[in-house]
Structures are given as C-alpha cells and as structure tokens.
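Q: sequence-free structure coming up:
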C-alpha cells in the first residue's frame with residue numbers, strides 16, 4: 001500500500017512507524033507539517049497515497065486533505081480521550097494503565113471514529129523515555145492493526161458516540177500545573193513533575209534569579225539542605241533540595257526571551273555558568289554501594305563472569321566530557337576479571353554520538369566539534385582494541401551516527417525490537433568518523449555500507465539483524481530489557497567455546513591491523529571531518545543550529561535524497 005506519513009517532526013515515533021510499515025512491504029513517504037499546509041498538500045498530490053497516517057501532529061491536517069482522503073491520527077490516549085496533553089495528564093494522575101488510539105481525522109479534535117487501540121503500562125520513568133518505549137510499542141501495534149483493517153476494506157471504525165466509549169476532554173497541561181513549590185513539595189511530587197516534562201516542555205522555574213526550564217529529575221538519598229537551595233554538582237547536573245530530600249537535575253533550558261544566545265537544553269551547570277554558587281562537586285561511585293539510591297549517568301556492575309557498563313545520557317548525546325568519563329569507566333571495566341562485558345543494556349537511548357547542543361553553545365563550535373569527535377573516537381577505538389574478552393553492545397533504545405558505530409565496535413550487537421538505528425551522518429552534513437569506514441563494511445559489506453550512508457534512512461532493529469548490523473533481536477518490553485540482557489550475557493559467558501571465541505577475535509584483530517591499521521581509518525575520516533568543522537560555510541553549522549533550536553530546515557520531505565558532500569561524486 002502507498003502510505004504518506006504526516007508529522008510535525010521526523011521524531012522517534014515517526015521513524016518507528018516508518019520503518020515498521022516499510023518492513024512489511026508498504027511504500028512509505030513522509031512530509032513534515034511544520035513546513036505548512038501547502039507542503040502537505042503538495043506531498044499528497046505528488047504521492048497520491050492510498051492512506052495517510054499522522055504519527056505525531058501539533059497542528060490540524062488541512063481540511064481539504066482529510067475530507068478527500070482517509071487520514072488516521074495517532075493519539076497517545078485511550079478511546080474517548082481528547083486533548084493535546086493526554087500523556088501529560090496520565091503521568092500527573094499516576095495512571096497505571098494507558099493506551100494509544102488510532103482514529104480518523106475529522107473537524108473535532110480527537111473526535112474521529114476509532115480504527116484501533118493498544119494499551120500499555122505506565123512505568124515510573126520520564127515522559128520522553130515512556131514515549132520512546134511503551135508508547136511507541138503500543139502505537140506501532142495500533143497503527144499496524146489499523147492499516148490492516150483499512151486494507152481489508154470491510155472493517156467499520158467505531159464511532160465515539162458508541163455507548164461503550166467514555167469521552168473525556170483534557171485541557172492543555174499548562175506550566176501552572178507543572179510548577180514546583182520547593183518549600184512544600186516532597187521529593188516524590190517534585191520527581192513526578194520533573195519526569196512528566198523531562199524532554200518537552202520542561203518545568204519553568206526561577207533558579208538563582210533567572211527563569212529556566214528544568215529537564216529531567218533523579219532522587220538523591222543523602223544530601224540535604226534548605227528547600228530550593230542548590231547543594232552540589234555532579235558531571236554537569238545540579239542537586240537541589242526538596243522539603244524532605246533532594247533531586248538531581250541534569251539539564252536546563254533558558255527561556256527564548258531571556259537573551260541567552262543558546263536557548264536550548266544543555267548541562268545545568270553550563271547554563272548557570274557564573275551564577276552557580278560555590279557548591280561541591282560530589283562524584284558518584286562507579287560501582288554502586290549497597291543501599292545507595294543516588295543518580296549517576298555511568299555505572300558498572302559485575303555478575304560472576306559478566307561485567308555490565310551501563311550509561312544513560314539525556315537525549316543520547318555524548319559530550320567531550322561524557323565520552324572521556326565513559327572511556328575511563330570502560331578502562332576500569334577491563335581491569336575486572338570477566339569474559340563478557342556488556343556495554344549499555346539500559347532502556348531508552350543507547351547513543352546518538354557527539355553532543356550538538358554543547359557544541360552549538362561553545363565559544364568555538366569548530367574546536368568543540370573536533371574535541372568531541374576526538375573523544376568519541378578514543379572510546380570507539382578502545383572497544384575495537386579489546387581482545388581479552390567478548391564485548392556486547394546492548395541497545396535498549398535508539399542509536400544514531402557515532403552511537404551506532406560505538407555499538408558496531410563490539411563483538412555482538414543485541415537490539416530491543418523497538419529500537420531504530422540511523423547508521424549515517426549525511427543529514428547533518430557530515431562524512432562521519434568513529435571508524436565507520438572499518439566497522440560498517442566489516443559487518444554489512446561494502447555495497448550495503450555505501451547504500452546505508454548514501455540513502456541516510458533509519459532502519460528497524462529487525463532490518464539491522466537482516467543486514468548484519470545486529471546479531472540478536474530481543475522482543476522484551478523496555479522495562480524487562482535489562483534483565484533479559486543479564487540472562488543472555490550470563491549464558492554467553494557460560495558457553496564452552498567462549499575462550500576459543502576470545503582467542504579468535506584477538507587473531508582477527510591482528511590480521512585486520514596488519515592489512516590496514518585502525519590509525520589509517522581514523523586519519524582518513526578525520527581529514528574529511530576537519531574540513532567541514534573548520535569551514536564556516538559548511539552546511540553542518542546551519543543544520544546543527546537548526547537541529548538544537550528545533551527550527552525547520554531542509555526539505556519538508558525528510559526521506560528525500562541528501563545532497564552530495566563537498567568534493568564527493570554522485
């Protein structure tokens with residue numbers, strides 16, 4: 001079937017729906033509604049779709065479009081739920097169960113007939129994590145069922161006038177409801193408010209005399225102070241006292257009208273800058289102490305013959321300092337006596353490569369781009385050169401660009417079935433690095449590697465396995481993924497031939513090094529990247545700025561071919 005996806009952004013859910021439909025043989029195009037109604041109308045005329053699906057919309061579809069063609073809207077709420085902030089209300093009201101509904105577009109917002117619905121459990125995680133996990137899984141289930149029903153031609157969608165559907169209108173969830181009262185709110189309340197807005201829109205607050213949005217929240221079990229005061233920093237995050245405890249806030253975002261030249265999310269300490277009081281930097285132990293409940297973005301645990309190095313960075317982006325800290329932790333993990341080392345293994349993002357937000361806010365973005373890429377390369381090289389144990393990259397969520405190459409440096413790549421991979425750099429105007437010219441052809445072959453980087457399209461976890469980018473597909477839920485990884489890693493460490501495999505990988509690495517040293521791959525890639533970073537007119541700089549500021553850029557058709565890079569023949 002020819003299907004057109006209409007979305008306000010080519011976000012994680014839109015990508016997931018795209019790859020799942022494409023995997024099932026549908027011909028799928030995408031148009032961004034953020035470029036205006038005329039862009040949507042033009043895409044409809046060009047593609048003449050049999051069906052239109054809107055995975056994520058902030059604005060209404062043009063009336064002439066939904067009157068002339070069947071348009072299915074993905075709504076993150078159960079049948080009968082209406083309004084623009086459904087998921088926010090579910091989190092604020094501690095709903096244990098929720099649902100995603102696919103309904104037909106009509107004049108009334110979310111009032112159309114129901115084509116399909118899929119329930120999910122609301123886990124105690126941030127809204128963005130839930131959205132990319134349980135919500136995404138349920139949305140795909142509902143979309144696939146709705147498309148199947150539409151294709152069959154006999155299904156009659158259920159009108160919301162049906163007595164079995166309770167219609168509830170939920171207003172826009174405004175900042176007044178999100179605001180934290182630091183004098184009276186307990187830690188659980190503060191965390192619920194922070195997690196309910198962790199990625200978007202954030203919680204508007206006054207911090208040190210400046211209005212900022214707070215993004216993310218994690219409990220602290222020992223530090224205490226006067227409610228509202230900043231108590232400590234940790235790897236760019238700030239710890240703030242509540243009425244009965246404290247929370248860690250990793251990121252802040254200045255208001256657009258504040259005059260800050262970088263009004264986008266970035267590490268909290270960086271945003272506060274000189275306003276940050278003289279509070280201590282309180283590190284967290286890499287290997288958690290028994291009974292501790294404090295936040296850390298990198299943790300190492302050992303279970304018998306298996307080491308687990310878990311990391312979780314906001315948005316999957318990895319700054320220079322985060323790459324260096326993760327490399328230090330990786331080197332620590334290599335000192336522990338294990339035969340298998342799992343890298344990643346938590347729910348949500350694995351890695352999206354270098355941190356464009358930190359780069360954009362730097363005094364010299366070119367220099368910071370170079371430093372960040374160099375640190376990312378060091379990390380990937382360390383994984384590639386590990387020859388005394390098997391390394392498993394466990395992707396509980398999405399990965400892109402250098403994050404995919406970090407995973408491919410491992411001996412085995414395990415993906416949760418809901419993960420989406422973007423094994424390319426071109427849509428950010430980059431040639432790429434992180435040894436992709438070694439790792440990607442090694443796994444997928446030269447022809448497939450060339451196609452993946454040229455077409456620059458997302459691939460599903462199932463397709464990644466088929467292409468050789470991944471070795472194992474795990475159908476676990478987001479919450480059960482870490483436990484499933486632990487079980488499989490223990491089984492891998494217990495296989496009779498594990499030592500033989502380790503010896504074999506060491507020999508293979510030696511042969512590859514003799515054929516062409518890793519240093520040669522790195523030098524060639526960085527030569528190309530350096531030209532881009534230090535060229536003020538290179539598209540990378542404008543694309544990066546638009547990306548972090550969430551401004552429309554490029555074509556309204558995000559799957560359209562990418563222009564050739566400078567000096568590249570097409």
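A: Great, that's in hand. Remember, it's a predicted structure, so these values are computed and weren't measured experimentally. Numbering: from 1, shown residues only.
Q: list the contacts of the closest residue to residue 547 other than its chain neighbours.
A: Counting by C-beta to C-beta, 6 or more residues apart in numbering, the nearest residue to residue 547 once its immediate chain neighbours are dropped is residue 356, at 5.9 Å. Just so you know, the C-beta spots here come from the backbone N, C-alpha and C atoms, and that holds for glycine as well. Going by C-beta atoms under 8 Å, 6 or more residues apart in numbering, residue 356 touches 317, 428, 544, 547, 548.
Q: what does the lengthiest helix in the chain rub up against?
A: Secondary structure of the chain per DSSP state H: the longest helix is helix 365-384. With contacts defined as C-beta under 8 Å, 6+ apart, helix 365-384 is touched by 318-320, 323-324, 326-327, 330-331, 343, 353-355, 358-359, 362, 391, 402, 405-406, 409-410, 433-435, 438-439, 509, 518, 522, 526, 529-530, 533-534, 541, 544.
Q: from those, which would you call buried?
A: Applying a neighbour-count criterion of 16 or more other C-beta atoms under 10 Å, the buried members of those are 318-320, 323-324, 326-327, 330, 343, 353-355, 358-359, 362, 391, 402, 405-406, 409-410, 433-435, 438-439, 518, 522, 526, 529, 533, 541, 544.
Q: next, the closest residue to residue 398 other than its chain neighbours: phi, psi?
A: If you skip the residues right next to it in sequence, residue 398 has residue 420 as its closest partner in space, 4.9 Å away by C-beta to C-beta, 6+ apart. Taking degrees, to the nearest 10, you get phi -120, psi 130 for the backbone angles of residue 420.
Q: repeat for residue 75
A: Comment: the main-chain dihedrals of residue 75 come out as phi -110, psi 130, following degrees, to the nearest 10.
Q: wait, it sits on residue 85?
A: No: with contact defined as C-beta atoms under 8 Å, residue 75 and residue 85 do not form a contacting pair (11.4 Å).
Q: now do the contacts for the residue positioned nearest the centre of the chain.
A: Centroid-nearest residue in the chain: residue 349, 4.4 Å away (criterion: C-alpha atoms, centre = their mean). By C-beta under 8 Å, 6+ apart, residue 349 lies in contact with 132, 312, 313, 315, 316, 397, 398, 399, 403.
Q: now the strand or helix carrying residue 16: buried residues?
A: The secondary structure element spanning residue 16 is helix 12-23 (assigned by DSSP states H and E). Within helix 12-23, the residues scored as buried using 16+ other C-beta under 10 Å are 12, 13, 14, 15, 16, 17, 18, 19, 20, 21, 22.
Q: cool, and stretch 25-32?
A: Per 16+ other C-beta under 10 Å, stretch 25-32 contains these buried residues: 26, 28, 29, 30, 31, 32.
Q: ok, which stretches of the stretch 401-550 of the chain are helices?
A: Assigned by DSSP state H, counting those that start in this stretch, the stretch 401-550 of the chain shows helices spanning 402-408, 436-444, 446-455, 461-467, 481-493, 498-515, 518-533, 539-548.
Q: equivalent analysis for the stretch 151-300 of the chain, please.
A: Chain-ordered helices for the stretch 151-300 of the chain, with DSSP H, counting those that start in this stretch as the definition, fall at 175-178, 187-195, 268-272.
Q: reformat the ones you listed as a markdown table; add mean pLDDT.
A: Formatted as a markdown table, the entries for those read as follows, by pLDDT from 0 to 100:
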| stretch | mean pLDDT |
| --- | --- |
| helix 175-178 | 96 |
| helix 187-195 | 97 |
| helix 268-272 | 97 |
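Q: take those and lay them out in JSON lines including mean neighbour count and distance to residue 216.
A: As requested, the helices of the stretch 151-300 of the chain are arranged in JSON lines below (neighbours: other C-beta atoms under 10 Å; distance: least, C-beta to C-beta, whole Å):
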{"stretch": "helix 175-178", "mean neighbour count": "14", "distance to residue 216": "14"}
{"stretch": "helix 187-195", "mean neighbour count": "19", "distance to residue 216": "7"}
{"stretch": "helix 268-272", "mean neighbour count": "22", "distance to residue 216": "9"}
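Q: low-confidence regions, the protein specifically.
A: With pLDDT under 70 as the threshold, the chain has low-confidence stretches at 566-570.
Q: one more pass at 50, please.
A: Low-confidence segments of the chain, defined by pLDDT under 50, span residues 569-570.
Q: residue contacts, the spatially most distant residue from the centre of it?
A: The C-alpha centroid of the chain is most remote from residue 163, which lies 39.2 Å away (C-alpha atoms, centre = their mean). Residue 163 makes contact with no residue under the criterion C-beta under 8 Å, 6+ apart.
Q: roughly how far does it sit from residue 90?
A: 24 Å (C-beta to C-beta, to the nearest Å).
Q: for residue 53, helix, strand, or coil?
A: The three-state label for residue 53, taken from DSSP: H, G, I helix; E, B strand; the rest coil, comes out as strand.
Q: who does it bridge with?
A: In this structure, residue 53 has the following beta-bridge partners (DSSP bridges): residue 5, residue 72.
Q: dump the residue contacts of it.
A: Residue 53 makes contact with 3-6, 17, 21, 71-72, 74, 102, 143, 146-147, according to C-beta under 8 Å, 6+ apart.
Q: if you set the cut-off to 7 Å instead, what comes out?
A: Residues in contact with residue 53 (C-beta atoms under 7 Å, 6 or more residues apart in numbering) are 3, 5, 17, 72, 143.
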